[in-house]
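**Q** Below are the sequence and a predicted model for it; my questions follow.
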Amino acid sequence: MELDIRIKMNEKLFLRNPEESVLGKKMVKHGLILINKLGFEEFTFKKLSIEISTTEASIYRYFENKHKFLIYLINWYWSYLEYKSIFRLNNITNTEIKLKTIIKLLVEEPPIKNIESDFITENEAYKLIMWEGSKAYLTRNVSKDNKDRLFKPYKDLCERISIIIKEYNPKYKFPHSMASTLLELAHSQKFFMQNLPALTDFSKEDDDKKIILFLESILFNSIRLK
């Protein structure tokens, strides 16, 4: 499925909108790929400038620092995933099927498209979330970043999931906690399965079926009407 959407990003994440120039799009596209290749700790704007044959100073004209750059990339994915959820759930009325669809969207790795993109690709963004997602908010600046509404896309997605949980069971007391738990578990369990298998029961799995069943069991055993 291809979604032709333009995501409005928080202007406090950048000094100049990267989507408005060829260089900006290039640095976002290749910066995402480079973080996935090197890891966020090893990634620098200097290395990115060499990768795309520009100057380090030109990158700093777009982004104040690499942490804001990381949040920009992560926010793009959460916003995209919310749009994708809206699209997938559009003709579904059964709330249980809605929740199961959401879980599949959270867990399953998007396919690698053959179409060459000049900006962010969903597959690369998914890999970034799995490896680096929690680094967006596990910082000492989290309160200030939160005041600047830098985590709004993540919160919006949680809110959308929590609304469906409340539709399923209006008496359930912890819809937001459950929504954020599903988001975190979907990627942490996948990460553990691939890198720290002793922390999961999915170490020998070739697909995501058991992770999906695990999340469904946590969700429905908690929210099902007694």
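**A** On my side now, so go ahead. Note that this is a predicted model, so its numbers are computed, not measured. Numbering: from 1, shown residues only.
**Q** low pLDDT regions in the protein?
**A** Judged against pLDDT under 70, the low-scoring parts of the chain cover residues 1-5, 114-116, 226.
**Q** Tell me where it has helices.
**A** The residue ranges that make up the helices of the chain, judged by DSSP state H, are 22-38, 45-51, 56-60, 66-89, 95-107, 122-132, 142-147, 152-168, 175-195, 209-223.
**Q** Endpoint to endpoint, stretch 125-144 covers what distance?
**A** When the termini of stretch 125-144 are compared using Cα to Cα, to the nearest Å, they are 25 Å apart.
**Q** can you start the count at 3 instead of 1 from here on
**A** Noted, 3 is the first residue going forward, which turns the last one into stretch 127-146.
**Q** May I see the buried residues of it?
**A** 127-135, 138 (16 or more other Cβ atoms under 10 Å). Any C-beta I mention is one placed from the backbone N, CA and C, and that applies to glycine too.
**Q** Let me see the residues that make contact with that stretch.
**A** When contacts are defined by Cβ atoms under 8 Å, 6 or more residues apart in numbering, stretch 127-146 is touched by residues 34, 37-38, 41-42, 69, 72-73, 75-76, 78-79, 82, 111-112, 147-148, 152-153, 156, 186, 189, 192-193.
**Q** Can you convert the buried residues of stretch 127-146 into a markdown table and add a column each for distance to E161?
**A** Rendered in a markdown table, the data for the buried residues of stretch 127-146 read as follows (distance: Cβ to Cβ, whole Å):
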| residue | distance to E161 |
| --- | --- |
| A127 | 20 |
| Y128 | 21 |
| K129 | 25 |
| L130 | 22 |
| I131 | 18 |
| M132 | 22 |
| W133 | 25 |
| E134 | 23 |
| G135 | 18 |
| A138 | 18 |
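**Q** how about the helices of the chain in CSV, adding distance to I9?
**A** Conversion of the helices of the chain to CSV gives the following (distance: least, Cβ to Cβ, whole Å):
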stretch, distance to I9
helix 24-40, 12
helix 47-53, 21
helix 58-62, 21
helix 68-91, 5
helix 97-109, 17
helix 124-134, 11
helix 144-149, 19
helix 154-170, 8
helix 177-197, 18
helix 211-225, 26
